[in-house]
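# using only what follows, build the 3D model:
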Amino acid sequence: MCLAIPALIKSIDGVEAEAEIGGISRRISLQLTPEARVGDYAIVHTGYAISIMDQEEAEETLKILREMASLAEEPG
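Numbering: from 1, shown residues only. The predicted model follows:
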């Protein structure tokens, strides 16, 4: 199964960006999303931003992913 997750773009240097994913900073490629800007949320898969999403949708997606993770940690 593949998973793409929202990441907040913090800075851009050419076709690469520094993005925050779950509190962790990562370098991602913007080759597929040249329209990306600092402050945008990008859907990231295998280190590539594959699309840009609005902040509300990104925050809701991240909330659901956190809830799923907490359920997986519960015993039983």
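# the helix or strand hosting residue 26 - contacts with which helices or strands?
If you go by DSSP states H and E, residue 26 is part of strand 24-29. If contacts are counted by 3 or more C-beta pairs under 8 Å, 6 or more residues apart in numbering; DSSP states H and E, strand 24-29 sits against strand 5-13, strand 16-21, strand 41-45, strand 48-53. Any C-beta I mention is one placed from the backbone N, CA and C, and that applies to glycine too.
# what is the neighbour count of residue 16?
15 (other C-beta atoms under 10 Å).
# that one against residue 26, yeah?
No: if you go by C-beta atoms under 8 Å, residue 16 and residue 26 don't touch, sitting 10.4 Å apart.
# in the chain, what spans have low per-residue confidence?
Low-confidence segments of the chain, defined by pLDDT under 70: 1, 76.
# what comes up buried for the strand holding residue 26?
Across strand 24-29, burial judged by 16 or more other C-beta atoms under 10 Å covers 28, 29.
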